[in-house]
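Asks: Let me see the structure of the following:
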Amino acid sequence: MESCPNCSSTQFTKSGIIKNRQRYKCKSCGYYFTVGKLGKQIDDYYVNKALQLYLEGLTYREIERILGVSHVSVMNWVRKYNIKRPYNSKYHPTYRILNRDELEKYFLDADNITGAGVLVTELGDKFMLIKWERFRE
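Replies: Okay, the predicted model is just below:
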């Protein structure tokens, strides 16, 4: 606790305990406040992966299914870091989750990597392959 959330004053005193949380009273403005709970902390690795996947064009729900992180958390991170997707209507991403052997077999076939951009990212003990393909008209 560094300052009053109402007036940003650093002058406050303890003023009891509410629901097992310390309550404070600001000496400057008289505002009562409690220390905010931290909540569940998510590893930065998942935040970075979620934002990368968002930039690659995956939806919030797809990211939730892949990483196991709430789609609401992903939306909050996108807002917090002011992430904007590049607009390009000619391509759309498709993704696949592969283990090491499947990934090796995928890249041995030249047809899989011709005519499209491919990104591979680590996802725990597996790999995510994202491929951009042109929309078929």
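Asks: Could you spell out which stretches of this structure belong to which domain?
Replies: Under the assignment automatic domain parsing, the domains of the chain span 1-37, 39-87, 89-137.
Asks: Please identify the deepest-packed of those.
Replies: Of all the domains of the chain, domain 39-87 has the most neighbours on average by mean count of other CB atoms under 10 Å, namely a mean of 14. C-beta: built from backbone N, CA, C; applies to glycine.
Asks: Going along the chain, name the strands of this structure.
Replies: 12-18, 21-26, 32-34, 91-98, 117-123, 126-134 (DSSP state E).
Asks: Which strands or helices does the shortest one pack on?
Replies: Spelled out, that is strand 32-34. With contacts taken as 3 or more CB pairs under 8 Å, 6 or more residues apart in numbering; DSSP states H and E, strand 32-34 sits against strand 21-26.
Asks: L119 contacts I113, correct?
Replies: No: the criterion here is CB atoms under 8 Å, and L119 misses it with I113 at 11.5 Å.
Asks: P5: what's its closest spatial neighbour, skipping adjacent residues?
Replies: F33 (5.5 Å; CB to CB, 6 or more residues apart in numbering).
Asks: pLDDT score for the one you found?
Replies: F33 is assigned a predicted lDDT (pLDDT) of 89.
Asks: residues in contact with the helix or strand of the chain with the lowest mean pLDDT?
Replies: Every helix and strand in the chain was compared by mean pLDDT, DSSP states H and E; the lowest is strand 91-98, with a mean of 76. Here strand 91-98 makes contact (CB atoms under 8 Å, 6 or more residues apart in numbering) with 56-58, 62, 66, 106, 117, 123, 126-135.
Asks: Starting from that strand, tell me which strands it pairs with and how they run.
Replies: Looking at strand 91-98 with DSSP bridges, its partner strands are strand 126-134 (antiparallel).
Asks: How far away from the center of its chain is the strand it pairs with?
Replies: 19 Å (CA atoms, centre = their mean, to the nearest Å).
Asks: likewise stretch 62-71?
Replies: 9 Å.
Asks: With that, I have no additional questions.
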